[in-house]
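Peer 1: Just need the structure, nothing else, for what follows:
(2 chains)
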Amino acid sequence: MESYVQPVLNGILLGGLYAVIAIGMSTMFGIVKLVNLAHGDLMMLSSFLALSVITWLGLAPLWTLLVIVPVMYFVGFSVQAYLLNRVLGKDMEPPLLVAFGVSVILQNLLLLIYTPDARGLKTGLAVKTIPINKYLSIPVIYLLDFLVGLVVIFALYYFFQKTFMGRAIRAASDDEIAARLMGVNTRNIYARAMGIAMMTAAVAGVLVGMTFTFYPHTGPQYLIIAFGVVVIGGLGSMKGTLAGGLILAVAQLLGAHVFGPGFQLLIGYVALLIVLAVRPQGIFGRI
Amino acid sequence: MAHDLAIRVDSLDVHYKDFQALWNVSLRVKKGEIVSVIGANGSGKSTLLNTISGIFRPTRGSIEYLGKRIDSLPAYQVLGLGISLVPEGRRVFARLTVYENLVMGAYLHRSRFNENNSLAKLYELFPILEERRNQMANTLSGGEQQMLAIARALMSEPELILCDEISLGLAPVIIEDIYRRIEQIHAQGLTIVLVDQDIRRSLEAADYAFVMLEGKVALEGEPASLGEEQVRKAYFGV
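Peer 2: The predicted structure is shown next:
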């Protein structure tokens, strides 16, 4: 029995990271009904940017957030304002294709600049553990992922519920025409929302870079994790995203523990299928 | 002359792609008046209000507000000049609270300044909204939602409000209640343009009326001068 505690604990901690990976995509779906296929690649862009900042300035990985988060806000703002807003409101497909195009361009750009080598954001935290007892120990990097993840999600929740701009974004997602009648420049609001979603992707990118190895083409792998999380939790719901992250990660790690490492991904998707069969709208509704 | 005119619409054409919704519409609204625009479904009343608000662009003609051209301005600038629309179907923000809906009405920089003041005034006019201020808007009844939509439009401190289908789907008692508030708001000096299915009540409130038919102005005049026969003819086209 004790042997199950460790994978469950790791799963819960990793779930916090999965939730941050997914929260930006989930938010943008909730607001503009955009399925951002480039979400994973924009995250990888953050990982690589962090790598460059570390190389140039010799900062510890977490400190790069001070640079990467604002940079990614502007990247997100620009992608929405200059690319996605142009095709918005026509159909579902054009924004999907534009996002796919951004994904392909980013992957190849990263490949060109950084070469296809495996990379990591080196940190001493990666090998530290906090021993609890004979059977159980907490990997420090997972704990960090989890805590930072929680902070990001609660900050985002606070932003949407309590701030002036958060309220305007919710209003615009509720009824775009009515929001325009109130004087909201909805296009600008969408661009800012994307900027904020990319701030969360920046945090996710740096955390992932510290926790795992990454390559220029790793983006889609995280996109799929994000999809899994939002499908389990319910698109556009923050509570759901957190719950979805925990469920997916716990299922994966338990599966790996019981059936062997080769089954980690499979069991994650089995959990996804079960949720889809039982509750197709996801566990929670919307924001 | 220009000074007592709030809205001056001249030879307005509006198209939705290939379909022409308004044909050569001209209309005057004097400052401080209640003007009623009536007509059958699809006669172009809502299109007219939406075009004045800057949601649609005219293909021909002009719209002036207090002597200033507004037909090429985006919605938020039209609002900034003091024209507020209560849209058809109310369009309250369903998943925002009543309070949040009202505050959204004061989104413009100029109105944000006076937010608490406007809020207090509107709670006085619509006490039910204060009672329900922390409820989600989609939990309100139809009449309450209509009041919320009107109150939200007033949060920007407009001088002119355009009310689209304010009594649609409401019980007669509620309609009467809403018209009383409209008259109260008018008494505070606002200019009001009403589009409504409840022709009798809307003409009773109005100083001047326009009857629209198939995208054109078929008839206009003071409500008392419009004979019932005449209105019916303009309304149904027979």
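
Peer 1: Just say helix, strand or coil for the closest residue to chain B within the stretch 1-150 of chain A.
Peer 2: Among the residues of the stretch 1-150 of chain A, residue A:30 lies closest to chain B, at 10.4 Å counting by C-beta to the nearest C-beta. Where C-beta positions appear, they are placed from N, C-alpha and C, glycine not excepted. With DSSP: H, G, I helix; E, B strand; the rest coil as the basis, residue A:30 sits in helix.

Peer 1: I'd like the distance between it and residue A:283.
Peer 2: Distance of residue A:30 to residue A:283, computed by C-beta to C-beta, to the nearest Å: 15 Å.

Peer 1: Please apply the same query to residue B:49.
Peer 2: Relative to residue A:283, residue B:49 is positioned 42 Å away (C-beta to C-beta).

Peer 1: Would you mind telling me which of the two has the busier surroundings?
Peer 2: residue B:49 (24 against 17; other C-beta atoms under 10 Å in any protein chain shown).

Peer 1: list the contacts for that one?
Peer 2: For residue B:49, the contact set (C-beta atoms under 8 Å, 6 or more residues apart in numbering or on different chains) comprises B:37, B:85, B:162, B:164, B:193, B:195.

Peer 1: okay, now residue B:59: neighbour count?
Peer 2: Residue crowding around residue B:59 was assessed by other C-beta under 10 Å; the count is 12.

Peer 1: In terms of pLDDT, where does it sit?
Peer 2: Residue B:59 is assigned a pLDDT of 95 by the prediction.

Peer 1: For residue B:231, see how far away it is.
Peer 2: Here residue B:59 is placed at a distance of 29 Å from residue B:231 (C-beta to C-beta).

Peer 1: Likewise for residue B:79?
Peer 2: In this structure, residue B:79 lies at 32 Å from residue B:231, with C-beta to C-beta as the measure.

Peer 1: Same question for residue A:258.
Peer 2: The spacing between residue A:258 and residue B:231, counted by C-beta to C-beta, is 79 Å.

Peer 1: In terms of packing, which of the two has more residues around it?
Peer 2: Between residue A:258 and residue B:231, counted using other C-beta under 10 Å, the more crowded position is residue B:231 (19 against 12).

Peer 1: quick one: that one and residue B:210 touch, right?
Peer 2: No. At 11.0 Å, residue B:231 and residue B:210 do not qualify as touching, with contact defined as C-beta atoms under 8 Å.

Peer 1: Name the residues contacting each of these two.
Peer 2: Shared contacts of residue B:231 and residue B:210, defined by C-beta under 8 Å, 6+ apart, comprise B:38, B:219.

Peer 1: pLDDT on the strand or helix carrying residue A:226, on average?
Peer 2: Secondary structure here is read from DSSP states H and E; on that basis residue A:226 sits in helix A:219-233. For helix A:219-233, the mean per-residue pLDDT is 93.

Peer 1: Now the next helix or strand after that helix: average pLDDT?
Peer 2: Proceeding C-terminally, helix A:219-233 gives way to helix A:238-259 as the next helix or strand, assigned by DSSP H and E. In this model, helix A:238-259 has an average pLDDT of 93.

Peer 1: all helices for chain A, in order.
Peer 2: A:2-32, A:39-57, A:65-78, A:93-114, A:140-162, A:164-174, A:176-181, A:186-211, A:219-233, A:238-259, A:264-278 (DSSP state H).

Peer 1: and among the ones you listed, the most buried is which?
Peer 2: For the helices of chain A, the largest average neighbour count (mean count of other C-beta atoms under 10 Å in any protein chain shown) is found in helix A:186-211, namely a mean of 26.

Peer 1: and that helix, what does it pack onto?
Peer 2: Helix A:186-211 sits against helix A:2-32, helix A:39-57, helix A:65-78, helix A:140-162, helix A:164-174, helix A:176-181, with contacts defined as 3 or more C-beta pairs under 8 Å, 6 or more residues apart in numbering or on different chains; DSSP states H and E.

Peer 1: Centre of the chain to the first one, how far?
Peer 2: In other words, helix A:2-32. On the basis of C-alpha atoms, centre = their mean, to the nearest Å, helix A:2-32 sits 9 Å off its chain's mean C-alpha point.

Peer 1: by how many degrees do it and helix A:219-233 diverge?
Peer 2: Between the axes of helix A:2-32 and helix A:219-233, defined by axes from the mean of the first three to the mean of the last three C-alpha atoms, to 10 degrees, the angle is 90 degrees.

Peer 1: Helix A:2-32 to helix A:93-114, inter-axis angle?
Peer 2: Using the same axes, to 10 degrees: helix A:2-32 against helix A:93-114 is 120 degrees.

Peer 1: now swap in the fifth one and tell me
Peer 2: Our comparison of helix A:164-174 with helix A:93-114, counting by the same axes, to 10 degrees, yields an angle of 130 degrees.

Peer 1: before we move on, what about the second one?
Peer 2: Counting by the same axes, to 10 degrees, helix A:39-57 lies at 30 degrees to helix A:93-114.

Peer 1: gap between helix A:39-57 and the chain center?
Peer 2: Helix A:39-57 has its C-alpha centroid displaced from the chain centroid by 14 Å (C-alpha atoms, centre = their mean).

Peer 1: State the mean pLDDT of it.
Peer 2: Per-residue pLDDT values across helix A:39-57 average out to 96.

Peer 1: in the chain, which segments are predicted with low confidence?
Peer 2: No chain was given, so I picked chain A. A:1, A:285-287 (pLDDT under 70).

Peer 1: look at chain B instead
Peer 2: Low-confidence regions of chain B, defined by pLDDT under 70, span residues B:1-3, B:238.
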